[in-house]
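Undergrad: this is a predicted model, with the sequence first.
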Amino acid sequence: MSNKVIPVNLITGFLGVGKTTAVMNLLAQKPADEYWAIVVNEFGEVGIDGATLSSLGDGLQVAEVPGGCICCTTSPMLRVTLGKLARGKRPDRLLIEPSGLGHPAGIIDLLRDPMLASAFEVRAVITLLDPRHLEDQRYTLHETWRDQLQLADVLVMNKSDIADEAQIQRAEAMGAAFFPPKLAMVRSVKGLFSPELLDLELHPERWPDSLDHVRPTGAHHGAYSSSLTRPNRLKSAVAQVNQEPEVWPICKTQSSLGSHSCGWIFSPETMFSSGKVADLFTAMSSAATLGIDGITRAKGIFNTERDWYRFDWVDGMTSALPAAYRRDSRFEVIVEGEQAPDWRLFTEALLATQINPLAPT
């Protein structure tokens with residue numbers, strides 16, 4: 001059995017948004033010497049998309065999981081399928097297309113399971129969005145639709161040829177407002193976007209310069225190119241080969257206009273105590289105990305022993321809700337004051353909320 005780690009991308013989006021067409025376009029741009037695998041999941045019992053993809057020729061393996069959602073009811077079938085891929089001829093890339101009704105965060109959790117993590121590497125999650133759907137409550141009020149957008153590393157505004165400019169700009173404004181920020185947003189017609197997006201560096205903050213990166217190996221350059229929404233930009237992969245990334249956790253500070261922020265980013269494997277994180281947020285109402293004064297805002301997403309949660313603190317009130325985001329755990333706090341605070345005591349309190357602080361760097 002090969003020890004080659006298989007890069008995995010999820011291609012997600014709600015029903016009818018154009019996922020299968022997007023996968024077909026990616027396959028059309030696949031390097032001729034590479035062998036790819038596709039796992040496609042349809043909610044119905046009669047698979048159509050798998051048959052369509054299987055007809056595309058050699059250099060491709062298609063595994064179909066029909067009937068239900070691989071994120072939940074048929075997840076054992078997905079585990080079996082992934083196990084077969086790992087034990088057989090390992091593909092150069094695996095694309096997973098979940099059902100449009102599925103919560104794909106569960107697939108990320110499965111791929112990071114210790115039994116599978118040695119064989120699979122999670123790369124950028126691509127979510128397709130029809131900008132016209134922002135005007136339809138059947139989508140905007142649907143939990144799965146919202147979770148798919150939150151999980152996305154890259155948002156593809158598909159069907160931009162039939163959406164008007166105002167609808168597209170509204171969708172882009174929504175995408176730009178997400179916390180944590182997306183790695184990229186692009187416009188697309190008929191599901192066509194650059195395969196370079198599959199290999200975007202998931203944590204550009206780890207690198208010394210401020211530009212996003214393509215991975216140093218495995219970056220594909222297809223026939224279609226697209227400008228990424230600023231400040232997200234592609235950069236030659238060669239430029240980062242001789243650079244050393246920062247280790248976890250990453251800490252970034254910033255001061256301007258009488259306010260100061262500090263943010264921390266942890267590896268996705270790092271786990272936090274939900275109770276200790278909740279206590280930390282509660283303690284911010286008496287911030288002097290944490291060595292700082294004047295907190296105006298705090299927010300974070302944490303991988304806890306219960307699930308992934310987003311915590312918010314504003315005006316002395318704390319809230320916590322389940323989160324679909326999976327790229328990493330991160331936390332940011334903003335304070336007002338003439339001088340930047342000493343963040344050391346606060347950092348110690350944050351680090352103390354970890355369950356496994358020695359997660360891999």
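TA: Noted; the coordinates are in hand.

Undergrad: so residue 197 touches residue 124, yeah?
TA: Yes: the pair residue 197 / residue 124 is scored as a contact, 6.2 Å apart, by Cβ atoms under 8 Å. Any C-beta I mention is one placed from the backbone N, CA and C, and that applies to glycine too.

Undergrad: could you name every residue contacting both of those two?
TA: Common contacts of residue 197 and residue 124, defined by Cβ atoms under 8 Å, 6 or more residues apart in numbering, comprise residue 154.

Undergrad: and residue 202, how far from residue 153?
TA: 7 Å (Cβ to Cβ, to the nearest Å).

Undergrad: residue 275 too?
TA: Taken as Cβ to Cβ, the span from residue 275 to residue 153 is 29 Å.

Undergrad: quick one, which of those two is more surrounded?
TA: The residue with more neighbours, out of residue 275 and residue 153, is residue 153; 23 against 12, by other Cβ atoms under 10 Å.

Undergrad: residue 183 is in contact with that one, correct?
TA: Yes: assessed by Cβ under 8 Å, residue 153 is found in contact with residue 183 at 4.8 Å.

Undergrad: name the nearest residue to residue 92, ignoring sequence neighbours.
TA: residue 34 (4.1 Å; Cβ to Cβ, 6 or more residues apart in numbering).

Undergrad: what's the spacing between that neighbour and residue 40?
TA: Distance from residue 34 to residue 40, by Cβ to Cβ: 19 Å.

Undergrad: these two: who's more crowded?
TA: Counting neighbours by other Cβ under 10 Å for residue 34 and for residue 40 shows that residue 40 has the greater number, 27 against 13.

Undergrad: which SS class is the more buried one?
TA: Look at residue 40: counting by DSSP: H, G, I helix; E, B strand; the rest coil, its state is strand.

Undergrad: any idea what it is bridged to?
TA: residue 64, residue 97 (DSSP bridges).

Undergrad: and the pLDDT at it?
TA: Listed pLDDT for residue 40 reads 84.

Undergrad: surely it touches residue 20?
TA: Yes: using Cβ under 8 Å, residue 40 makes contact with residue 20 at a distance of 7.4 Å.

Undergrad: next one: phi and psi at the residue nearest in space to the middle of the chain?
TA: Nearest to the geometric centre of the chain sits residue 153, at 3.7 Å (Cα atoms, centre = their mean). Main-chain dihedrals, residue 153, degrees, to the nearest 10: phi -90, psi -30.

Undergrad: where's it relative to residue 336, distance?
TA: Distance from residue 153 to residue 336, by Cβ to Cβ: 32 Å.

Undergrad: what do you get for residue 15?
TA: From residue 15 to residue 336 the distance is 46 Å (Cβ to Cβ).

Undergrad: likewise for residue 130?
TA: Per Cβ to Cβ, residue 130 is found 41 Å from residue 336.

Undergrad: neighbour count for these two, which is higher?
TA: Between residue 130 and residue 336, counting by other Cβ under 10 Å, residue 130 is the more crowded of the two (21 against 13).

Undergrad: contacting residues for the residue nearest to residue 268 when sequence neighbours are not counted?
TA: Spatial nearest neighbour of residue 268, excluding adjacent residues (Cβ to Cβ, 6+ apart): residue 328 at 5.1 Å. By Cβ under 8 Å, 6+ apart, residue 328 lies in contact with 180, 202-203, 265-268.

Undergrad: mind checking which of those residues are in helices?
TA: Mapping the contacts of residue 328 onto helices (DSSP state H) picks out no residues; all lie outside.

Undergrad: the residue nearest to the centre of the chain: what's it in contact with?
TA: Neighbours of residue 153 in contact, by Cβ under 8 Å, 6+ apart: 124-126, 182-184, 200, 202, 327.

Undergrad: same question for residue 155.
TA: Residue 155 touches 127, 129, 149, 171, 175, 182, 184-186, counting by Cβ under 8 Å, 6+ apart.

Undergrad: given the helix or strand where it lies, what are its sheet partners and their directions?
TA: Here residue 155, judged by DSSP states H and E, is contained in strand 154-157. Partners of strand 154-157 in the sheet, by DSSP bridges, are strand 126-129 (parallel), strand 184-187 (parallel).

Undergrad: now that strand: mean pLDDT?
TA: In the prediction, strand 154-157 has an average pLDDT of 98.

Undergrad: just the CA trace of it, in PDB.
TA: The C-alpha coordinates for strand 154-157 follow below in PDB (Å, rounded to 0.1, in the frame of the first residue of the first chain):
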ATOM      1  CA  VAL A 154     -13.400  29.600  -1.000                       C
ATOM      2  CA  LEU A 155     -16.800  31.100  -2.100                       C
ATOM      3  CA  VAL A 156     -17.600  30.700  -5.800                       C
ATOM      4  CA  MET A 157     -20.400  33.100  -7.000                       C
END
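
Undergrad: packing partners for the following helix or strand past it?
TA: For strand 154-157, the following helix or strand on the C-terminal side (DSSP H and E) is helix 165-176. Counting by 3 or more Cβ pairs under 8 Å, 6 or more residues apart in numbering; DSSP states H and E, the packing neighbours recorded for helix 165-176 are strand 154-157, strand 184-187.
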